[in-house]
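# The following block contains a protein sequence and its predicted model.
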Amino acid sequence: MSENNIICHDNLVYDKTRVMTDKVLHYCPGCGHGTAHRILAEAIDELGIQGETIGVAPVGCSVLAYYYFDVDMQEAAHGRAPAVATGIRRVMPEKYVFTYQGDGDLAAIGTAETIHACNRGENILIVFINNGIYGMTGGQMAPTTLPGMKSSTSPRGRDTSTMGNPLKMTELVAQLPGTYFVTRQAVHAPANVRKAKRAIKKALDYQKLNKGTCFVEIVSNCPSGWKMTPTQSNKWMEENMFPFYPLGDIKVPEK
Amino acid sequence: MKELRLMKGNEALAEAAIRAGADAYFGYPITPQSEVIEYLMREDPARRTGMQVLQAESEIAAINMVYGAAACGKKAITSSSSPGISLKMEGISYIAGAELPCVVVNVVRGGPGLGTIQPSQSDYFQAVKGGGHGDYKLIVLAPATVQESVDFVKLAFELAFKYRNPVMILSDGIIGQMMEKVELFEQQPRSTHEYEWATVGKKEGRDSVIVTSLQLQSEEQEKVNLRLQAKYREVEKNEVRFETYECEDAEYLFAAFGSCARITRKAMEMARARGIRVGLIRPQTLYPFPYDDIRRLSEKVKGILTVEMNAGQMIEDVRLAVCGETPVEHFGRFGGMIPSPDEILEALEQKIIGG
Ligand SMILES: Cc1ncc(C[n+]2csc(CCOP(=O)(O)OP(=O)(O)O)c2C)c(N)n1
Ligand code: SF4
């Protein structure tokens, strides 16, 4: 069999989704952002809603997300993505609207916008990348940084008596009547990637029901900020992040 | 249909927003402008035109909702008063940077800080000299009557879309709270056009639309700045608006804007009754500012008195206009105090005529 016979449509097991552009991702090697982007793009593709989707990028490492998703996108100020998404969805009620935000963006400077968008039950999808650190600005402490975890602004480890406790935003928004579907996922291993993608696809699809906010947290790694190799960072995440931020659905639509 | 009504300034402005065809209003209550959102909630414009009204959790959220709606090519408006406008400044800078159209109303109260709920003009600098970060300009309209607060809403949307730039209506607590007869303009259509710069969902065969104010390459950011500056020069060329009163034979000149210009006009009439030939220029656009017109008028007068409800802000632009060739002095009351025509006349006599 020649090479040309092998490379044919019937044998195709994986293809890049057309909802991602050909731009080279700027993320560090091994970073979870890239995989999270891909599954969100694939979900949009598979639902056939590329032309109906409007995304909102945050300020953080994923500030340039609008270069990678081939959908119409807006860049929000730091933390304000849920308010921007609210403005979009209120005047474009037929569209699918998502925000993609890091933990500093969503759970520190944008706490009010996040909670109130969820509390109003805005019909948007919030994708929350929790890597326990400020990646973009060079590894400072985030609201989700674990107790004792080192960062450039908690060089001796997060001391909860003076630096506060890690904030479990996802559990918090799950309590609000405005949220419809709340789940916590990961993208560090193939099984998790598949599960996370199913969750995102469901969450996007729910939007047409107008039943409230869908909130998908992805516990992720930041090899550069954590000062680890990608492999070490995934192991560290499993051993330290997952016990504190357990994976799984937190709020599912009532049957 | 045009319609005559007796209305409170804030309520008339809210009605004008509906009639201007606004697609959405996002706001947060603050005195002395809460009647805007109260009127809109009572009136429920979704019923009349489909306009969306939402009480946000903060002024920060409200201006970012405006950003989101404006970036879809919709007519979005927000209103607040001074402390709330300070909070909106982050969002306003992003809107200016992303070149989005929107209308922001500031019913000014006295400051700094929480200040007073009484009327003031102390946000002039904030409105015309930036307010937020970065090199940008707002188009600033200063109504002096309830009628103008109505007409300027329509004009503000027209200018905002013409230049894809935020427009501020710089009103104050007097105009917001007083009742006057107004003629309401006819219902205008909401925005249904799919602008090529707006995020409306990617169409087959076109690139996706990106609305952003971020440029990581300095060369690109400089290009943005140059484009903005070119736009501002156009605005300066085309959009200067002002009124003059009794300037033909004037020996002296008052310069005042907004509600203060009305009081100053009274002082002008009193002065004329005493044989003092004084005129008045009232800028209706504070940016673009009528520099050339003030300079032209200044050549015929012995001195100019700016009258403002602040410690002297517009005076800096009047001085720039005359380049030191005509004496310019300021008279103001502030902290919510309103100058009386007598005080203004006295100031003219002491600071300009006797000075
Ligand atoms: C108003 C404002 N404050 C601070 C910053 C600087 N800043 C940029 S990104 C960031 C934190 C991002 O961290 P996170 O949201 O966790 O995303 P990550 O980079 O880890 O993906 C900060 C503080 C900013 N851009 N704007
Ligand atoms: S700094 Fe961290 S979050 Fe940012 S791209 Fe690198 S690894 Fe990813």
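Received the coordinates, thanks. Ligands and ions are numbered 1, 2, ... in the order given.
# ok, and the closest non-adjacent residue to B:K137?
Leaving aside its sequence neighbours, B:K137 sits nearest to B:Y232 (Cβ to Cβ, 6 or more residues apart in numbering or on different chains; 4.9 Å). All C-beta atoms are positioned from the backbone trio N, CA, C, and that covers glycine.
# cool, and A:G121?
A:G178 (3.1 Å).
# residue contacts, that neighbour?
A:C118, A:N119, A:R120, A:G121, A:E122, A:G212, A:T213 (Cβ atoms under 8 Å, 6 or more residues apart in numbering or on different chains).
# okay, among these, which ones form the most distant pair?
The span of these, defined through Cβ to Cβ, is set by A:N119 and A:G212 at 9.8 Å.
# Quickly list what's touching both of those two.
Contacts common to A:N119 and A:G212, judged by Cβ under 8 Å, 6+ apart, are A:P177, A:G178.
# So between these two, which is more surrounded?
A side-by-side neighbour count of A:N119 and A:G212, using other Cβ atoms under 10 Å in any protein chain shown, places A:G212 first with 24 against 17.
# Just confirm yes or no for stretch A:19-33 near ligand 1.
No - using Cβ under 6 Å from any ligand atom, stretch A:19-33 stays clear of ligand 1, coming no nearer than 6.6 Å.
# measure that stretch end to end?
Stretch A:19-33 stretches 16 Å from its first residue to its last (Cα to Cα, to the nearest Å).
# can you check stretch B:127-147 too?
End-to-end distance for stretch B:127-147, by Cα to Cα: 21 Å.
# do the same with stretch B:292-305
Start and end residues of stretch B:292-305 are separated by 17 Å (Cα to Cα).
# Buried ones in that stretch, by neighbour count?
Neighbour-count burial for stretch B:292-305, counted by 16 or more other Cβ atoms under 10 Å in any protein chain shown, picks out B:D293, B:I294, B:R295, B:L297, B:S298, B:V301, B:G303, B:I304, B:L305.
# For that stretch, what does the pLDDT average out to?
Confidence over stretch B:292-305 (mean pLDDT, whole number) is 98.
# Between the contacts of A:G178, which sits nearest ligand 1?
Nearest to ligand 1, judged by Cβ to the nearest ligand atom, of these is A:C118 at 17.3 Å.
# And the closest residue to chain B within the stretch 101-250 of chain A, its phi and psi?
Distance from chain B to each residue of the stretch 101-250 of chain A (Cβ to the nearest Cβ) is smallest for A:H116, at 3.9 Å. A:H116 adopts backbone torsions of phi -80, psi -30, taken as degrees, to the nearest 10.
# how about the residues of the stretch 101-250 of chain A that lie near chain B?
Residues of the stretch 101-250 of chain A lying close to chain B by Cβ under 8 Å from any Cβ of the partner chain are A:A112, A:E113, A:H116.
# Put together TSV for those residues, with neighbour count on each row.
What follows is those, written out as TSV (neighbours: other Cβ atoms under 10 Å in any protein chain shown):
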residue	neighbour count
A:A112	17
A:E113	30
A:H116	19
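# Nearest to ligand 1 among those residues?
A:E113 (12.6 Å).
# circling back to that earlier point, now render the residues of the stretch 101-250 of chain A next to chain B as CSV, adding pLDDT.
Shown next, in CSV, are those (pLDDT from 0 to 100):
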residue, pLDDT
A:A112, 98
A:E113, 98
A:H116, 98
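# Show the overlap between those and what lies near ligand 1.
Near ligand 1, taking Cβ under 6 Å from any ligand atom as the test, no member of those is found.
# Okay, helices next: where are they in the stretch 101-250 of chain A?
For the stretch 101-250 of chain A, the helices defined by DSSP state H, counting those that start in this stretch cover A:103-104, A:111-120, A:160-163, A:169-174, A:190-206, A:223-226, A:230-236, A:242-244.
# Using PDB, write out the CA atom coordinates for the second one.
What follows is helix A:111-120, C-alpha atoms only, in PDB (Å, rounded to 0.1, in the frame of the first residue of the first chain):
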ATOM      1  CA  THR A 111     -15.900  38.700  40.800                       C
ATOM      2  CA  ALA A 112     -18.800  41.100  40.800                       C
ATOM      3  CA  GLU A 113     -19.400  40.700  37.100                       C
ATOM      4  CA  THR A 114     -19.200  37.000  37.300                       C
ATOM      5  CA  ILE A 115     -21.600  36.600  40.200                       C
ATOM      6  CA  HIS A 116     -24.100  39.000  38.900                       C
ATOM      7  CA  ALA A 117     -24.200  37.700  35.400                       C
ATOM      8  CA  CYS A 118     -24.800  34.200  36.900                       C
ATOM      9  CA  ASN A 119     -27.300  35.600  39.400                       C
ATOM     10  CA  ARG A 120     -29.300  37.200  36.600                       C
END
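# where are the low-confidence patches of the chain?
With no chain named, the answer covers chain A. Applying pLDDT under 70 to chain A flags residues A:1, A:3-4.
# My question was about chain B, not that one.
Low-confidence segments of chain B (pLDDT under 70): B:1.
# ok, longest helix in it?
The single longest helix within chain B, with elements called by DSSP state H, is helix B:218-238.
# what comes up buried for it?
Neighbour-count burial for helix B:218-238 flags B:V224, B:L228, B:K231, B:Y232, B:V235, B:E236 (criterion: 16+ other Cβ under 10 Å).
# what's the closest of the residues you listed to A:C222?
B:V224 (30.5 Å).
# Leaving aside the residues adjacent along the chain, what's closest to the closest one?
B:Q215 (5.8 Å).
# and the one you found, how many neighbours?
B:Q215 has 14 neighbours, counted by other Cβ under 10 Å.
# And B:R277, by the same measure?
15.
# residue contacts, it?
B:E246, B:D249, B:A250, B:E251, B:Y252.
# And for A:A41?
A:T17, A:V19, A:M20, A:Y68, A:F69, A:D70.
# Narrow those to those in helices?
The helices, defined by DSSP H, take in A:Y68 from those.
# Check the contacts of A:A41 for burial and list the buried ones.
With burial judged by 16+ other Cβ under 10 Å, the buried subset of the contacts of A:A41 is A:T17, A:V19, A:M20, A:Y68, A:F69, A:D70.
# Show me the two of these that sit farthest apart.
Maximum pairwise distance among the buried ones among the contacts of A:A41 (Cβ to Cβ): 10.8 Å, between A:T17 and A:Y68.
# Hmm, B:F26 is touching A:V91, no?
No - the pair B:F26 and A:V91 does not pass the contact test of Cβ atoms under 8 Å, sitting 10.3 Å apart.
# on that earlier part again, not including adjacent chain positions, what is the nearest residue to the residue of the stretch 101-250 of chain A closest to chain B?
Leaving aside its sequence neighbours, A:H116 sits nearest to B:E57 (Cβ to Cβ, 6+ apart; 3.9 Å).
# about what we covered before: how about residues contacting the longest helix of chain B?
B:96-97, B:99, B:135-137, B:139, B:159, B:163-165, B:215, B:287-288.
# Distance to ligand 2 added to the contacts of A:A41, as a markdown table?
Below are those laid out as a markdown table (distance: Cβ to the nearest ligand atom, whole Å):
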| residue | distance to ligand 2 |
| --- | --- |
| A:T17 | 20 |
| A:V19 | 21 |
| A:M20 | 16 |
| A:Y68 | 12 |
| A:F69 | 16 |
| A:D70 | 20 |
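# gap between the two ends of stretch A:89-99?
11 Å.
# my hunch is that B:D292 is in a helix, does that hold up?
Yes - B:D292: assigned to a helix according to DSSP: H, G, I helix; E, B strand; the rest coil.
# List the contacts of it.
B:V240, B:A321.
# what ranges do the helices span in chain B?
Using DSSP H, the helices of chain B run over B:9-19, B:34-43, B:45-48, B:59-70, B:82-97, B:124-128, B:146-163, B:173-177, B:218-238, B:258-273, B:291-298, B:314-322, B:341-347.
# just so I know, which of those lies nearest B:G113?
Smallest distance to B:G113 across these (Cβ to Cβ): 7.7 Å, for helix B:82-97.
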